[in-house]
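> only the shape, not the letters, is given here:
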């Protein structure tokens, strides 16, 4: 029994190390590439805005400039999404119990939940504090809330349960939906680049979730049953 327990522990540790290495590679690549791309985008956008104000260009040329600006904004958003994988930024670091971030993200997602006939049950009971990047934690929570709501679309609504509590010096975040659920194979592939259970998904949202929780030394556990719903349990040590 001791040998079996040791083997199981070793398998879990190996999977955790492999996931951590994948996330580190993505973080380093995202940071270097995103910064290099953002600079020429900013310069190009600035010149196009100046050109758009010119009185000598024709209406047709003005339309081309406006379309170019829209595409640059889209490119900027993609770059920003990739920057969320980078290391935590010192300007965004806070020492907090996550109450502000959890309530802010809940309020942000409420209109989206209402639109999809999803009721949100929110509970906060945590006094433990932790150092973290505020922006990354907010984006992480939004991604999980959004995934939960979208999982209930096919069932014409449902309930999203958000519970943030504490247990043995750990912050426990539980996000449960009553959606379509996932198979064991789908769960095992979560957090891998470009894998998504949604037809239009890129998989970057869940990769960002795993990356953010990994940075605060946390663990993400997923429990799901097909047709009944999914629970994301995040444990963050303080």
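That came through fine. The model shown is predicted, which means the values in this text are computed figures rather than measured ones.
> could you use CA atoms for every contact and neighbour count after this?
Will do.
> gap between residue 93 and residue 104?
Look at residue 93 and residue 104: by CA to CA, to the nearest Å, they are 17 Å apart.
> which residues are contacting stretch 107-120?
142, 145-146, 149-150, 152-153, 156-162 (CA atoms under 8 Å, 6 or more residues apart in numbering).
> go again with 7 Å.
149, 153, 156-161 (CA atoms under 7 Å, 6 or more residues apart in numbering).
> can you give me how far that stretch is from the chain middle?
17 Å (CA atoms, centre = their mean, to the nearest Å).
> write a PyMOL command that selects only the buried members of the contacts of stretch 107-120.
Here is the PyMOL command that selects the buried residues among those (16 or more other CA atoms under 10 Å):
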select buried, resi 149+153+157+158+159+160+161
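> which neighbouring elements make contact with the one helix or strand residue 73 maps to?
Per DSSP states H and E, residue 73 falls inside helix 59-83. Helices and strands touching helix 59-83, by 3 or more CA pairs under 7 Å, 6 or more residues apart in numbering; DSSP states H and E, are helix 2-52.
> let's see the pLDDT reported for residue 6.
Listed pLDDT for residue 6 reads 90.
> give me the neighbour count for it.
Neighbour count for residue 6, taken as other CA atoms under 10 Å: 11.
> same deal with the one 10 residues further on?
Using other CA under 10 Å, the number of residues around residue 16 comes to 14.
> now do the same contact list for the most centrally placed residue in the chain.
Closest to where the C-alpha atoms of the chain average out (CA atoms, centre = their mean) is residue 140, at 3.5 Å. Counting by CA under 7 Å, 6+ apart, residue 140 touches 208-209, 212.
> which of these tops the neighbour count?
With neighbours taken as other CA under 10 Å, the top of those is residue 208, carrying 28 neighbours.
> can you tell me the SS state at it?
At residue 208 the chain is in helix, as set by DSSP: H, G, I helix; E, B strand; the rest coil.
> what lines up beside the next helix or strand after the helix holding residue 73 in the sheet?
Sequence-wise, the next helix or strand downstream of helix 59-83 (DSSP H and E) is strand 93-96. Sheet pairing of strand 93-96 (DSSP bridges) gives strand 130-133 (antiparallel).
> and the average pLDDT for the strand it pairs with is what?
For strand 130-133, mean pLDDT is 91.
> now find how far off-centre that strand is within its chain.
Distance, centroid of strand 130-133 to centroid of chain: 16 Å (CA atoms, centre = their mean).
> got the buried residues for that strand?
130, 132-133.
> how about JSON lines for these, with distance to residue 55 added?
Compiled in JSON lines, these are given as follows (distance: CA to CA, whole Å):
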{"residue": "130", "distance to residue 55": "54"}
{"residue": "132", "distance to residue 55": "48"}
{"residue": "133", "distance to residue 55": "45"}
